[in-house]
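1. quick one, what's the 3D model for this:
(one chain, ligands or ions: 2)
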Amino acid sequence: MNIALLGYGRMGQTIEKIAIKRGHNIVLKVDKDDKDYDITKADVAIDFSIPSVAFGNISNCLNNNVPVVSGTTGWLEDYDKALSLCKEKNGAFIYASNFSLGVNIFFELNKTLAKMMSNLGQYNVTMEEIHHTKKLDAPSGTAITLAEGVIENNVNYDDWKLGSDEDKTIPIVAKRIEDVPGTHTVTYESEVDSISIEHIAHNRQGFALGAVVAAEWLVGRTGVFSMNDVLNIG
Ligand SMILES: NC(=O)C1=CN([C@@H]2O[C@H](COP(=O)(O)OP(=O)(O)OC[C@H]3O[C@@H](n4cnc5c(N)ncnc54)[C@H](O)[C@@H]3O)[C@@H](O)[C@H]2O)C=CC1
Ligand SMILES: O=C(O)C1=N[C@H](C(=O)O)C[C@H](O)C1
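-> Numbers count the residues shown, from 1 in each chain. Ligands and ions are numbered 1, 2, ... in the order given. The predicted structure follows:
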């Protein structure tokens, strides 16, 4: 497959290595100063850029009939517009806040635990995410997906907020510590005990492999998909 990388930072470079190992060609590497490029050279584009440009990158792919995988977080105010454009152009699009297999299993565990806790009002949920100091957005996209998983499955919550202590609102704490690839913890606390589930990424390999697998899966399909479709879980 001929792959375009939109964003050639930490993730773009990790994806490049894995894609080449899996027999793909990187035909385009686009970073912040690249303006006039021909996206149609690619069979599929993988966008790991920055929040302020992600929607523009995704639209450019969809407008040019190039399937697009996006892992960029922090741009979701435009997600519905991306869905509409994908439908209008009969294109192919996957966004995931986290492409790793481990986190996608963790998302399912989180939903199951949220359901079990729904009738147990004595437990309060909190979430913590820890990332490297270069991260631009907070809370992480993964923490937002985890919070949405609780809200969908637990009647005690209908919103999330950074650091909040409000009724029916999941408080999310975001910590920034040098070089941490990504740690997410969901904790239920009562007066008598605590239950936590946690995912710790040791490096970026899992995210990158998941994004390449998603790109391989997406080519030849049309529609808007999630990692549950790719991994056949959930
Ligand atoms: N969904 C997932 O599994 C994962 C998502 N991420 C997200 O992916 C994004 C990228 O993460 P990193 O690679 O660590 O960041 P990074 O900062 O290392 O790389 C982003 C790159 O995008 C470039 N860029 C700026 N403007 C651009 C433009 N107009 N077009 C293309 N590239 C442009 C920057 O110059 C930079 O090189 C972040 O939003 C992060 O939260 C990160 C890891 C996993
Ligand atoms: O910025 C990162 O590094 C990461 N971002 C994603 C997120 O916001 O959830 C995924 C992963 O945790 C790494």
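
2. how about the residue nearest the centre of the chain, phi and psi?
-> By C-alpha atoms, centre = their mean, the chain has its centre lying nearest to S97, at 1.0 Å. Backbone torsions for S97, taken as degrees, to the nearest 10, come to phi -70, psi -20.

3. OK, contacts around it?
-> 71, 73, 140-142, 144-145 (C-beta atoms under 8 Å, 6 or more residues apart in numbering). From N, CA and C alone the C-beta is placed, and that goes for glycine too.

4. and it, how close does it get to ligand 1?
-> 5 Å (C-beta to the nearest ligand atom, to the nearest Å).

5. next one: D38
-> For D38, the distance to ligand 1 - C-beta to the nearest ligand atom - is 15 Å.

6. got it, and N65?
-> Taking C-beta to the nearest ligand atom, one finds N65 at 19 Å from ligand 1.

7. so how many other residues sit close to that residue?
-> Using other C-beta atoms under 10 Å, N65 has 12 other residues around it.

8. and what of E88?
-> Neighbours of E88 (other C-beta under 10 Å): 10.

9. could you do the one 3 residues further on as well?
-> G91: 22 surrounding residues under other C-beta under 10 Å.

10. what are the neighbouring residues in contact with it?
-> 61-62, 65, 67-68, 85, 222.

11. sorry, back to before: redo the contacts of S97 as TSV? Include neighbour count and distance to A211.
-> Output for the contacts of S97, formatted as TSV (neighbours: other C-beta atoms under 10 Å; distance: C-beta to C-beta, whole Å):
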residue	neighbour count	distance to A211
G71	24	6
T73	25	13
S140	23	16
G141	20	13
T142	25	14
I144	19	18
T145	21	16
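
12. farthest-apart pair in those, please.
-> Pairwise distances across those (C-beta to C-beta) peak at 13.7 Å, for the pair G71 and I144.

13. so what's V186 bridging to?
-> M127, I197 (DSSP bridges).

14. show me which helix runs longest in this structure.
-> Under DSSP state H, the helix in the chain containing the largest number of residues is helix 101-117.

15. which elements pack onto that one?
-> helix 141-153, strand 183-189, strand 194-200, helix 205-218, helix 227-231 (3 or more C-beta pairs under 8 Å, 6 or more residues apart in numbering; DSSP states H and E).

16. what about the closest residue to ligand 1 within the chain, distance to T133?
-> Ligand 1 sits closest to G9 of the chain, with a gap of 1.9 Å, by C-beta to the nearest ligand atom. Using C-beta to C-beta, to the nearest Å, G9 is found at 14 Å from T133.
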